[in-house]
Every structure is written in structure tokens, then in C-alpha cells.
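Chemist: Can you look at this prediction? I've put the sequence above it.
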Amino acid sequence: MSDQWPLWEVFTQPPGGKPHEHAGSVHAPDAEIALQNARDVYTRRGEAVSIWVVPSATIVASAPTDAGPFFDPGNDKPYRHPQFYKVPRGVKVF
Amino acid sequence: MPPEDPAKNKEFEARLDRGETIEPKDWMPEKYRKQLIRMMSQHAHSEVVGMLPEGNWITRAPSLRRKISLLAKVQDEGGHGLYIYCGTETLGVDRAELIDLLLAGTAKYSSIFNYPTLSWADMGVIGWFVDGAAIVNQTALAKASYGPYARAMVRICKEENFHKRQGYELCATLAKGTPAQQKMVQDSVNRWWWPSLMMFGPSDKDSPNNADLMRWRVKQKGNDELRQRYVNLTVPQAEALGVTLPDPALRHDKESGNWEFGEIDWTEFKQVISGNGPCNRERLAARNEAHAAGAWVRDAAAAYAEKHARREQVA
Amino acid sequence: MTNANLFEYLLRLADDRLVLGHRNSEWCGHGPILEEDIATANIALDLLGQAQLLLKLAGETEGQGRDEDALAYWRDESQFRNLQLVELPKGDFAFTVARQFLFSAWNQGFLEALTQSKHEDLAGIAGKALKENRYHLRHSAEWLIRFGDGTDESHRRAQTALDELWPWTGEFSSEDQVDRALLAEGIAPALTPLRPPFEAMVRDITARATLTVPDRPMRMTGGRTGRHTEYLGHMLAEMQIVARSHPGAVW
């Protein structure tokens, strides 16, 4: 029986309706303890209103070699950004 | 092990030159990976062993405010160890393996924690000197090329500032207290000053790992530069308190703006990092005992998790 | 008269938390795993924080210029008013967890009732403590379940701890004239009615943990009036030594 507890990734949501952010990881034997450990380790300074814990082994991540095909095409399409579009001076768009 | 592809190495170094951050799944030279594991795990071990000298005084803290602050500080240190262990694990090693190396006496940790805490004043002086030195070190590491390490450092630096302030405030209180308190803090300064200078490691010329670590942008600054920065920060702080640093050779050099200091006793340093310091054995014994006493707890939690995973499958 | 009873009462609540917080803090740096070291320190910090607030209020109630440190560091053991349960040495981790569970289970009902106190400050402290206690209860209950339903060894340790601790819980609900006087004023809740829900919670969690509540008589107590076990003296000697060695010093 291994006493090594699996690794969990911790995501905390700061107050003010912001998205969850990766805070780090904890070891825990199960989900309940992972949640408690995450709370004790990563939220002592009022940083969170919500916590997600996810077993590290279940995270599916893009590979570094994917970076080119995945992300470069998104970097060269300026028409997706507001600055691309010129509006006559003095006209309020919003 | 097959020799590494020189093209890959070249691209790796180019990435570093461009100031890019290396992340866990990126290709990296085996030597880089090994050096990082060594450096990060040593750092994590230091935080955890570092809980012991200050933990020694929690039950004797002389006011509720100090008791609470000290407990929170030591707790933070445990947390720091945890952040860095988790960061190290991204390099493909298990925390359990790293801990086994520590407990066996094979892995190193910061020399400073092999000194005993002998008076309440040490709680202030450790916060002031030891956390002060750690801040100088860690601020430089916050720009380390390896992402998980740099991010752990940013988190730690935020928390570390409270540690140094708490320590300095404690020293200030003693320094303007009763004659016994003043004596206590001066005695503590006398014992911790030189060991705190040794925290920055040997001189650059005697540091075998430094060249690689600097080239790989893991370390941004050399040991001597960081040590000098720490001295320059601390001397005026000591003057403000009215305590004397135990170095008659301390002298302000107007040209460089540096506080020149005396010769460090490198024999003592070597003794301490080779396991022969004042309480190396006691520190390791304490960690071994906690780990051994905790085995049944860890086993129980794992057993429960397994039982319930199986039950969920059956249902 | 009112002030004297209230002062006594506040010391009882404060000393429970000061002593239990201190016992929990003894684990710092020696816990079974880093995550649990941090968690136990959190519980200790909550309890010490509650003690600080309650001692401050006690000092103000007494009205003789004693602040929280004067009360924490300059009273002898016969002047301490904590339950005997909390002064017992920390034992192994099963003992610490079981003791925390019993204390938190009792306090869940007690603190909730105390939030209705006519004494505004006390009700406020109770509200804050109740939130913290909810987490302590969750944490210690989950761990007790894992020990009971874990390995043979953890089960044995947890049962041994429960067997040892259960007889000390009689003191939770024993009422005396201090309680009755403050109950009459609407400041303190009645304790006897809190016992059945407490026992129900204990039976529920111990059942889930595959443990049994021992069938043992309650011990003779006395903590509420300053009669303690031999353990408290040693604990206070350690806790108070630095403060007592420097009378008049500021820390």
C-alpha cells in the first residue's frame, strides 16, 4: 500500500466575479481532503471565493510542439481586434 | 544515455536568450532538469526544516500577538516548502523521492537551519536576518527561466515581506525594552550574523554550479553580489536599532557605496553543510520522526480512498 | 455580581480555546504530512484568535486593567477555567483529531445558541467562532472517518482515542450557578438541552467511521472551577516561562 497521495491542481477564484486561476498544487488522498488542503494552503489571505481541485492526471494540455499550429494563426488576424477598425473622429461608437 | 541533439540545445539556449520561460512539457537539456531538481528541492527542504528552529519557540511565545504571528509565520514556511515541492514535481520526480533523500541525509538544505534557537530574541533576529537574506535571494529568483519555480517565488515573496517586518519589529521592541531584553537581542545578533552571511553560499569563484545556473537564467545574480546587497540593506537597519553587528571590519566604502565586511569563516560553513553543524543531527532526527510517526496517517487516508473508489465502482 | 459571573464565564470560553489552540500548535513542524501541518496550524490560529478576543472582553468585564496577556500569562493553573478535555497532551494524531472533533461537535450547537446572547459583543464573537468551528468540525470529522475506516492500525488508534476521550465530555454540559445566573439574564444558553444533539452528531460520525462510542462513565471534573489534571501545570510552565521571567517587559 503506497502512502503517496496523488497530486491535484488547485484553481482559486478571486472576489469580484473574476475567472478561476491556477494557484498551484497539493497532495491529497481524495477529493474532500484535496478541497480542504487547497483551502488551507492557498486561501489564507482572503484570495478566494471559490476553489476547484482537479486530479493532475486528468488534465489534458496542449503540447509545446502544438504551439505553432494552435496559437500562431490566432496571432495574425488583426480584424478580430477593435483597433483594426477606424472610426471618424468625434463619433461615439458606444 | 544518448547524447542530446545539438540543434535542440541550440534552440533551448536561444529561447533563454529571448527571455522565454521554460515550462514543464518543453524540451530541456537533461543537465538543466537535474540542476533545477537539485536547486528547487534543496529550497523546499530548507523551508520545511526551517520550521523547526522557530517552531521551537511557539509554545513559549510571551504574548498572544507574538504567539499567533509566529505560528502563522512557521505555517507560511511549511506552505512555501509545499509550493516548491509541487513545482519540483513538474520536472518528473515525486515528492516522496525527494523527502527520502532529505531524510537519508543525502539532500542538502540551507546551512542556517542547523543553528539552534536559544532565546526568544532569536525569533526576531531570524525574521530580520534569515528572512531578509531569503528575500534578497528570492527576489532575484522570481525571474528564473523555469516557469513553475519563478511563479512559486512570486507567491513566496509576497508572503515573505510580512516575515521580515515581523522579525524586525520584534527586535525593535526588545532593543528599546528592559536591560535584559536588550542583552537578549544583542546576544542573538552576535550568534546569527555570520551564519546569515553564509546563507548566500560560497564565493562565486568557489561555486561549481553557478556558471551553468547563470547561463540558464535560473540564477540571475551571483552569490557575492547578493551577499553584498544583503549587507548593505542590513547595516543601516542595525544602526537604527542600536545593535552592533559582530564584525569589527565593517566599513563603509564611499566610492562603491558598499559596506565592506570581514572574512567569513569558511571552515565553519563546510562543517555545517557536511552534516557537522550544531544541530544537523537533531533537525534530521525531528524530520525522520515526524515522517515515521505520520506513516500510519498517510496509509489510512490512502486505504480509505481506495476502499471508497472501489465501492463507488461496485454501486 | 453580574460582572463577576460574566467574568468567570468568559474565562471558561477563552481558556478552552487558549489551551486547545496551544495543544494544536505543538504539532507545527511535526505533522504527518505537510498539508496537514498547515491545516492543524490553521485550526490553532483560529482558536488562539478566539481566545484573544474572549480574554480581552473578560479583562474589560473585570474592569481591573488586566488585558489578554495579563490573563493568559500571569494566572496560575488554579485560576484557569478550561475544560479538562482540552489540556490533555496532544497524543498521537488520532487523539488530536478525535479531541478536536468532540470539542467542535459540542461547540457547533453551543456557539449557535450563544449567537442569540443578549450580550452583543459575546454574540458577535460567537458568530465569528461559529464559522471557524464549522470548518474545524468538517475537517476533524472527515479525518476521524478516514482513521476509523482506513487501516487496522488507524482504526485501533482512533478507537483507543475515543475510548480515552469520551469520559471527559461530561464536563461540556455540566451546569453550575454561573451558567444559571447568566442564563437567567439571557447572556448564556442552557447547556443540558445541547447534549442530545451533540451525542447524535457523535454517534452519526463514529458510525460512519466504523467506530463505537464507548460505554464508560463520565469522569469527575472541575476544570470550570480551577481543578485541573496534572497536565495543565506543565503546559502553563512552558507557555508562561518567558513572560514570567521578565516582569513588566513589553513584547
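Modeler: Structure's in. What do you need?
Chemist: what sits against A:Pro14?
Modeler: A:Glu21, A:Glu47, A:Ala48, A:Val49 (CB atoms under 8 Å, 6 or more residues apart in numbering or on different chains). Using the backbone N, CA and C atoms, a C-beta is placed for each residue, glycine as well.
Chemist: Repeat the analysis, applying 10 Å as the threshold.
Modeler: For A:Pro14, the contact set (CB atoms under 10 Å, 6 or more residues apart in numbering or on different chains) comprises A:His20, A:Glu21, A:Thr43, A:Gly46, A:Glu47, A:Ala48, A:Val49, A:Ser50.
Chemist: tell me which residues of stretch B:61-69 are tucked away?
Modeler: B:Ala61, B:Pro62, B:Ser63, B:Leu64, B:Arg66, B:Lys67, B:Ile68, B:Ser69 (16 or more other CB atoms under 10 Å in any protein chain shown).
Chemist: In CSV, list those residues along with distance to chain C and pLDDT.
Modeler: Listed next are the buried residues of stretch B:61-69 as CSV, based on distance: CB to the nearest CB, whole Å; pLDDT from 0 to 100:
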residue, distance to chain C, pLDDT
B:Ala61, 7, 98
B:Pro62, 4, 98
B:Ser63, 4, 98
B:Leu64, 5, 98
B:Arg66, 6, 97
B:Lys67, 6, 97
B:Ile68, 5, 96
B:Ser69, 10, 95
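Chemist: how about the residues of chain A that lie near chain C?
Modeler: A:1, A:3, A:5, A:26-30, A:32-41, A:44 (CB under 10 Å from any CB of the partner chain).
Chemist: Among those residues, which ones are in helices?
Modeler: Judged by DSSP state H, these include A:Glu32, A:Ile33, A:Ala34, A:Leu35, A:Gln36, A:Asn37, A:Ala38, A:Arg39, A:Asp40, A:Val41 as members of helices.
Chemist: distance between stretch B:209-229 and the chain's centre?
Modeler: 15 Å (CA atoms, centre = their mean, to the nearest Å).
Chemist: And that stretch, end to end?
Modeler: In stretch B:209-229, first residue to last residue: 21 Å (CA to CA, to the nearest Å).
Chemist: near chain B, which residues of chain A?
Modeler: Counting by CB under 10 Å from any CB, chain A sits next to chain B at A:1-10, A:22-33, A:37, A:40-42, A:44-45, A:56, A:61-67.
Chemist: which stretches of chain A aren't confidently modelled?
Modeler: For chain A, residues meeting the criterion pLDDT under 70 lie at A:1-4, A:93-94.
Chemist: all strands for it, in order.
Modeler: A:7-13, A:21-27, A:50-55 (DSSP state E).
Chemist: residues of whichever strand or helix holds B:Met153 that come out buried?
Modeler: Here B:Met153 sits within helix B:147-175, counting by DSSP states H and E. Applying a neighbour-count criterion of 16+ other CB under 10 Å, the buried positions in helix B:147-175 are B:147-153, B:155-156, B:159-160, B:162-164, B:166-168, B:170-175.
Chemist: any idea of the angle it forms with helix A:31-42?
Modeler: 50 degrees (axes from the mean of the first three to the mean of the last three CA atoms, to 10 degrees).
Chemist: now the angle from helix B:147-175 to strand A:21-27?
Modeler: 80 degrees.
Chemist: Please name the nearest non-neighbouring residue to A:Leu7.
Modeler: Excluding its sequence neighbours, the residue lying closest to A:Leu7 (CB to CB, 6 or more residues apart in numbering or on different chains) is A:Ser56, at 4.3 Å.
Chemist: partners of the residue positioned nearest the centre of chain A in the sheet?
Modeler: Nearest to the geometric centre of chain A sits A:Glu21, at 4.0 Å (CA atoms, centre = their mean). Using DSSP bridges, the bridge partners assigned to A:Glu21 are A:Thr12.
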